[in-house]
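Colleague: Attaching a predicted model along with its sequence, questions to come.
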Amino acid sequence: MSAKTHFSEKIFDLDSIIEKVNNWKNKNHIVFTNGCFDILHLGHIDYLFKASKLGDKLIVGVNTDKCIQSIKGKSRPIQNEFARASILASLSCVDAVILFDDDTPKQLIELIQPNTLVKGADYKIKDIVGRDFVISYGGNVETIPFLEGYSTSHIINSIKDG
């Protein structure tokens, strides 16, 4: 990320997120979630706020542009990774943001070792990447229901349909 914003201090690279987590671990319950967060909407805000209430520190892994294109196609993301990370970092309920380029956040979860791993309720807990690892050291895995009617795909389709 080349540009700086006043909330850039909440956007971390891999080495600095590990250092930050190590500083937080003894006194804080760490929650981790991840996603594309392409067009931030009310559903995202509700989800992130609820996730933050599951612990003391919320870390959000954000798929890079390259990663999203491989998952969702060349027309995505709508906003670049710097914009998406910066918008998330501006939220008071988010304590740290880290971009990841892998197809899944498995490696990131293994490095961070969150106390709680969270995904949306569209996932079955048994299918959440990193679940077995988090449970192996006594962590827990939660799902949070989405607000009905709010999704990035719905917003994009509404714009296309005029």
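Modeller: Yep, that arrived. Numbering: from 1, shown residues only.

Colleague: So which residues make contact with the host helix or strand of Val62?
Modeller: Here Val62 sits within strand 57-63, counting by DSSP states H and E. Contacts to strand 57-63, defined as CB atoms under 8 Å, 6 or more residues apart in numbering, come from residues 17, 21, 24, 28-37, 48, 51-52, 71, 81, 84-85, 88, 93-100, 105, 108, 112, 114. Every C-beta, even on glycine, is put in place using the N, C-alpha and C of the backbone.

Colleague: Helices along this protein, start to end?
Modeller: Assigned by DSSP state H, the helices in the chain fall at 14-25, 42-52, 65-72, 81-89, 106-112, 131-136, 152-161.

Colleague: wait, doesn't Asn10 sit right on Asp95?
Modeller: You called it Asn, but residue 10 is Lys. Yes: taking contacts as CB atoms under 8 Å, Lys10 lies within contact range of Asp95: 6.8 Å.

Colleague: low-confidence ranges in the chain?
Modeller: 1-6, 152-153, 156 (pLDDT under 70).

Colleague: let's go with 50 and repeat that
Modeller: 1 (pLDDT under 50).

Colleague: the residue most distant from the middle of the protein, which is it?
Modeller: Gly162 (29.9 Å; CA atoms, centre = their mean).

Colleague: Once you drop chain neighbours, what's closest to the residue most central in space within the chain?
Modeller: For the chain, the residue nearest the mean C-alpha position is Asn34 (2.6 Å; CA atoms, centre = their mean). Leaving aside its sequence neighbours, Asn34 sits nearest to Gly61 (CB to CB, 6 or more residues apart in numbering; 3.5 Å).

Colleague: what about the one you found, how many neighbours?
Modeller: 21 (other CB atoms under 10 Å).

Colleague: which residues does it bridge with?
Modeller: With DSSP bridges applied, Gly61 shows beta-bridge pairing to Asn34, Ile98.

Colleague: Chain neighbours aside, what residue packs nearest to Asn140?
Modeller: Thr116 (5.3 Å).

Colleague: which of the residues in stretch 83-98 are buried?
Modeller: 83-89, 91, 94-98 (16 or more other CB atoms under 10 Å).
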